[in-house]
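Chemist: Predicted model follows, preceded by the sequence.
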Amino acid sequence: GLPPQVRIHEVGARDGLQNEKATVPTEVKAEFIHRLADAGLTTIEATSFVHPKWVPQLADAEALFPRLDDLTKSRGVHLPVLVPNARGLDRALALGARRVAVFASATESFAKANLNRTVDEALAMFEPVVARAKEAESAHDQVHVRGYLSMCFGDPWEGAVPIAQVVRVCKALLDMGCDELSLGDTIGVATPGHVLELLAALNERGVPTDRVGVHFHDTYGQALANTLAALQHGVTTLDASAGGLGGCPFAKSATGNLATEDLVWMLHGLGIETGVDLGRLTATSAWMADQLGRPSPSRTVRALSHK
Ligand code: HMG
Ligand code: MG
């Protein structure tokens, strides 16, 4: 059977905007994130505390994050941020971030391109970050840590990625203390059978499905099919990007994430609760597309905007 409800992890403001050619003004980003919260999203990845030269589009993290304080303080919205290393964690904690994400790679080529490290050097860089985030004595004060894993299915330089290689890095992320994993199909090449094979392999190695989220890009139009397969396997944490914004500047041939609207359309059709108001969300993505000066690639945004 399918789960009665799911948690959508909205990545448009981070994974989406990191790849836009245009630099979006900080106040537009703040409005975007507020509008996403108004549409009912409760986990909204806000930005990255990475090197500003590596991702110039998110170089305003220090200016943006404090503008979102009302969302965390009085509305209970979670605003995870990406942190690659100790410097990133310091920056995030200084602004009061309570949810962070480290981001590993299943392949050597992408680890090098994205983090300037080997796979194992990157894991060594994350270990003290995760340890410090989990250090507080009471669970209440601990910082929640997501462990992203990129290139779980295919890699633009290396081709198909062996499942054993993916499982090894997943285990390493959980062993160092990550609360949840997000399995990234960075270049959108996965198909549903491959998704099920990976989820089963993780279960076999002792990784429970409730610790696993899925992060599909829609390059080959497979993101919804892959999501349905993951849902049928019991996955309830689903990453998506409002309006289908996104891609990845460090991986050629990556297009946007699964559009949140397309996901919500399917979930509501299946009777699965999301808490999202699809009309408000679509209006937000149409507004953002105007800000970026190009139409949204989401089929659902287009269909509902032309009614
Ligand atoms: P590096 O050049 O090896 O850095 O980059 P370093 O450790 O040698 O440090 C060099 C300088 O950078 C130092 O400054 C550091 O202080 C500074 P200097 O002493 O030379 O003046 N520095 C920083 N400054 C600000 N914030 C920081 C920071 N760290 C070091 N956090 C590094 C290594 C990890 C920093 C770099 O490679 C980087 O920032 N990478 C980020 C790449 C990125 O954000 N990629 C996109 C996110 S991943 C993704 O999109 C995939 C995902 O969506 C899932 C999927 O689809 O697969 C999550
Ligand atoms: Mg991504």
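Modeler: Okay, I see it. Ligands and ions are numbered 1, 2, ... in the order given.
Chemist: where along this structure do the helices fall?
Modeler: 26-38, 61-64, 69-75, 86-94, 108-115, 119-133, 163-175, 192-204, 223-233, 260-269, 278-292, 299-305 (DSSP state H).
Chemist: export those to TSV and tack on mean neighbour count?
Modeler: Any C-beta I mention is one placed from the backbone N, CA and C, and that applies to glycine too. Below are the helices of the chain laid out as TSV (neighbours: other C-beta atoms under 10 Å):
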stretch	mean neighbour count
helix 26-38	20
helix 61-64	18
helix 69-75	13
helix 86-94	18
helix 108-115	20
helix 119-133	19
helix 163-175	18
helix 192-204	17
helix 223-233	21
helix 260-269	22
helix 278-292	20
helix 299-305	19
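Chemist: got any ranges where the stretch 201-307 of the chain has weak pLDDT?
Modeler: Within the stretch 201-307 of the chain, the segments meeting pLDDT under 70 span 247-254, 307.
Chemist: Residue of the stretch 51-200 of the chain nearest ligand 1, please.
Modeler: Gly184 (2.6 Å; C-beta to the nearest ligand atom).
Chemist: For that residue, the count of nearby residues, please.
Modeler: By other C-beta atoms under 10 Å, 29 other residues sit near Gly184.
Chemist: how about the helices of the chain in JSON lines, adding distance to Glu20?
Modeler: Converted to JSON lines, the helices of the chain look like this (distance: least, C-beta to C-beta, whole Å):
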{"stretch": "helix 26-38", "distance to Glu20": "11"}
{"stretch": "helix 61-64", "distance to Glu20": "15"}
{"stretch": "helix 69-75", "distance to Glu20": "22"}
{"stretch": "helix 86-94", "distance to Glu20": "21"}
{"stretch": "helix 108-115", "distance to Glu20": "18"}
{"stretch": "helix 119-133", "distance to Glu20": "25"}
{"stretch": "helix 163-175", "distance to Glu20": "28"}
{"stretch": "helix 192-204", "distance to Glu20": "28"}
{"stretch": "helix 223-233", "distance to Glu20": "19"}
{"stretch": "helix 260-269", "distance to Glu20": "17"}
{"stretch": "helix 278-292", "distance to Glu20": "6"}
{"stretch": "helix 299-305", "distance to Glu20": "16"}
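Chemist: Switch these over to JSON lines; also include distance to ligand 1.
Modeler: What follows is these, written out as JSON lines (distance: least, C-beta to the nearest ligand atom, whole Å):
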{"stretch": "helix 26-38", "distance to ligand 1": "16"}
{"stretch": "helix 61-64", "distance to ligand 1": "9"}
{"stretch": "helix 69-75", "distance to ligand 1": "21"}
{"stretch": "helix 86-94", "distance to ligand 1": "3"}
{"stretch": "helix 108-115", "distance to ligand 1": "5"}
{"stretch": "helix 119-133", "distance to ligand 1": "7"}
{"stretch": "helix 163-175", "distance to ligand 1": "12"}
{"stretch": "helix 192-204", "distance to ligand 1": "14"}
{"stretch": "helix 223-233", "distance to ligand 1": "11"}
{"stretch": "helix 260-269", "distance to ligand 1": "15"}
{"stretch": "helix 278-292", "distance to ligand 1": "18"}
{"stretch": "helix 299-305", "distance to ligand 1": "20"}
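Chemist: Thank you, goodbye.
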